[in-house]
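**Student:** Here is my input; please provide its structure:
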Amino acid sequence: MLRAILTLLAGGALAQALPLLLGPWLTRLYRPEDFGHYHLFAAVAANAAVVACARYEFALPLADSDAQAIALRTLCLRLLALALALSAAAALAWAIWSGLLWPLWLPAAVGALGLLSLATLNATRAQRFRSLALARVLQHGGAAIAQTGAGLAQAGLTGLIVAPIAAALASVAALGWPAPAGASRPQVLAAARAHRSFPLLNTPHAFLGALQDTLAIALVAASLGPAAAGAWGLALRYLKAPASLVGGAVSQALYPRLAGGGCTAAGRALVLRTMGLLALMAAPLVAGLWWLGPWLFGWAFGPDWTGAGELARALALYIGLHFVASPLGVVTMAWQAQAWALKLALVGQVLFVAALAAGLAWGGLAGAGWAVSAAMALYFGWYFSRLATWPLCPVQPAASGALP
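**Tutor:** Model prediction:
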């Protein structure tokens, strides 16, 4: 597992370094308003893409045979085609309502991100960690490079939107296009029934989780304008970068170790060790943001982005807790606790949105950050305590589940 994590971390480090290094340049090539519109578009696209395959792609590491994996890939591609058609209709309605053309890129974004999720889980099943690391570099680093080029070409908001779509497709190519390889209709239906907990439990979980980000951007934009939404999006993008780097690598290595094993003593011990290590890594991140956040954002991104620095300080505690929690999303899937995870996630999402709205009314952007940190400290505290004391399974569970 350590070797797999290090391989994924190496790719992830480069993938995150490029956007972080190019970010100060990007904030000088694009206006805060451009970033506000872009982050709203990206949130909507992610919201649709995360459920484009009804989360059946996350069943691939649990498939008990190659034939079932082929059937799952076939099913995912058919569902993705349906999601593409629905997103195209939604994009047309959005463009007509807003009088803008950039929403028409929505189906391209949904298709690229949905296909990337399927290719990623397909590679995870095969434990092709080098390919996964390369794909992360292409997705995140390639998007930042392409956005920089588009900014230099004065492509504006369209450049911000199209660059990540192209990078996602390049990542899919690096992972290998997940061809269905000719599964029959009965095989597809059998695979769908065997893993029906994914659409029934995990799809609403994943959709509502992504909806939280969409609602957050929409609330900030409605309350304070697109420039403030740009500051919110920029701050979250940078603050969650460490969680994306470490969390993605840890979860991709942890999931195969826990899958099929249930909540055994060894599995729970592994989760506890992972939590402790992540907490040690998160502590200096929180302290650094409290101490240097406002100065660092103002220095790196320019005077137009000082509000993002104050927001970074306010969100520091939430970011640290999210850093620890992010890789642990695979645990409840492996432990057959999808229903519990869905209920807890709903509580957390309501707390997040309510705290954000109250904070915006109380103290603007920074007030929203402090309110979110306080509310989510309670939520994550309960979550971590439950994982640490999770009851052991008396028998080996069947290989099914859903990723929260």
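**Student:** What is the host helix or strand of H37 packed up against?
**Tutor:** In this assignment (DSSP states H and E), H37 forms part of helix 32-49. Contacts defined by 3 or more Cβ pairs under 8 Å, 6 or more residues apart in numbering; DSSP states H and E place helix 32-49 against helix 66-98, helix 106-126, helix 156-175, helix 203-224, helix 226-239. (C-beta placed from N, C-alpha, C; glycine too.)
**Student:** quick one, which of those helices is nearest to C263?
**Tutor:** Closest to C263 of the helices and strands packed on helix 32-49 is helix 203-224 (Cβ to Cβ; 18.8 Å).
**Student:** Would you mark the buried spots in that closest one?
**Tutor:** By neighbour count on 16 or more other Cβ atoms under 10 Å, the buried set for helix 203-224 is 203-206, 208-217, 219-221, 223-224.
**Student:** ok, the closest residue to A371 other than its chain neighbours - contacts?
**Tutor:** In space, and not counting its chain neighbours, A371 is closest to G359: 3.1 Å by Cβ to Cβ, 6 or more residues apart in numbering. Going by Cβ atoms under 8 Å, 6 or more residues apart in numbering, G359 touches G367, A368, G369, W370, A371, V372.
**Student:** Return the angle between stretch directions for the helix or strand containing G359 and helix 203-224.
**Tutor:** Following DSSP H and E, one finds G359 within helix 338-388. Per axes from the mean of the first three to the mean of the last three Cα atoms, to 10 degrees, the angle that helix 338-388 makes with helix 203-224 is 80 degrees.
**Student:** Helix 338-388: how far from the chain's middle?
**Tutor:** 17 Å (Cα atoms, centre = their mean, to the nearest Å).
**Student:** got it, and stretch 287-302?
**Tutor:** With Cα atoms, centre = their mean, you get 24 Å for stretch 287-302.
**Student:** got the buried residues for that stretch?
**Tutor:** L289, G293, P294, L296, F297, G298, F301.
**Student:** Ok, stretch 160-180 next?
**Tutor:** 160-172, 174-175, 178.
**Student:** about what we covered before: out of the contacts of G359, the closest to A63 would be?
**Tutor:** V372 (37.9 Å).
**Student:** what about that closest one, neighbour count?
**Tutor:** Counted with other Cβ atoms under 10 Å, the neighbours of V372 add up to 25.
**Student:** who's in contact with it?
**Tutor:** V372 neighbours (Cβ under 8 Å, 6+ apart): A314, L315, Y318, F352, A355, L356, G359.
**Student:** pretty sure the fifth one is touching W370, no?
**Tutor:** This points to A355. No: taking Cβ atoms under 8 Å as the definition, A355 is not a contact partner of W370, at 9.0 Å.
**Student:** for A54, helix, strand, or coil?
**Tutor:** The three-state label given to A54 by DSSP: H, G, I helix; E, B strand; the rest coil is coil.
**Student:** So what touches stretch 94-103?
**Tutor:** Taking Cβ under 8 Å, 6+ apart as the rule, stretch 94-103 contacts H37, F41, A91, L104, L106, L157, T158, I161.
**Student:** export the buried residues of stretch 287-302 to JSON lines and tack on distance to G329 and secondary structure?
**Tutor:** Below are the buried residues of stretch 287-302 laid out as JSON lines (distance: Cβ to Cβ, whole Å; DSSP: H, G, I helix; E, B strand; the rest coil):
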{"residue": "L289", "distance to G329": "23", "secondary structure": "helix"}
{"residue": "G293", "distance to G329": "26", "secondary structure": "helix"}
{"residue": "P294", "distance to G329": "31", "secondary structure": "helix"}
{"residue": "L296", "distance to G329": "29", "secondary structure": "helix"}
{"residue": "F297", "distance to G329": "28", "secondary structure": "helix"}
{"residue": "G298", "distance to G329": "33", "secondary structure": "helix"}
{"residue": "F301", "distance to G329": "30", "secondary structure": "helix"}
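**Student:** Same list, the residues you listed, but as a markdown table with distance to T120 and pLDDT please.
**Tutor:** Output for the buried residues of stretch 287-302, formatted as a markdown table (distance: Cβ to Cβ, whole Å; pLDDT from 0 to 100):
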| residue | distance to T120 | pLDDT |
| --- | --- | --- |
| L289 | 29 | 91 |
| G293 | 32 | 85 |
| P294 | 36 | 87 |
| L296 | 32 | 85 |
| F297 | 31 | 88 |
| G298 | 36 | 84 |
| F301 | 30 | 87 |
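**Student:** so which of those residues comes closest to Y383?
**Tutor:** Nearest to Y383 among these, with distances taken as Cβ to Cβ, is L289, at 21.4 Å.
**Student:** check contacts around the closest residue to that closest one other than its chain neighbours.
**Tutor:** Among residues not flanking L289 along the chain, A316 sits closest, at 3.7 Å (Cβ to Cβ, 6+ apart). Neighbour list for A316: L239, L285, V286, L289, W290, G293, S373 [criterion: Cβ under 8 Å, 6+ apart].
**Student:** Quick one: closest of the helices and strands packed on helix 32-49 to V347.
**Tutor:** Nearest to V347 among those is helix 203-224; the distance by Cβ to Cβ comes to 10.9 Å.
**Student:** could you give the angle of that closest one to helix 32-49?
**Tutor:** Using the same axes, to 10 degrees: helix 203-224 against helix 32-49 is 160 degrees.
**Student:** Who are the packing partners of helix 203-224?
**Tutor:** Against helix 203-224 (3+ Cβ pairs under 8 Å, 6+ apart) you get helix 32-49, helix 226-239, helix 338-388.
**Student:** what's the closest of the ones you listed to R257?
**Tutor:** That would be helix 338-388 among the helices and strands packed on helix 203-224, by Cβ to Cβ, at 15.3 Å.
**Student:** pLDDT averaged over the closest one, what's the number?
**Tutor:** Averaging pLDDT along helix 338-388 yields 92.
**Student:** Next, the angle from that helix to helix 226-239.
**Tutor:** Helix 338-388 runs at 60 degrees relative to helix 226-239, counting by the same axes, to 10 degrees.
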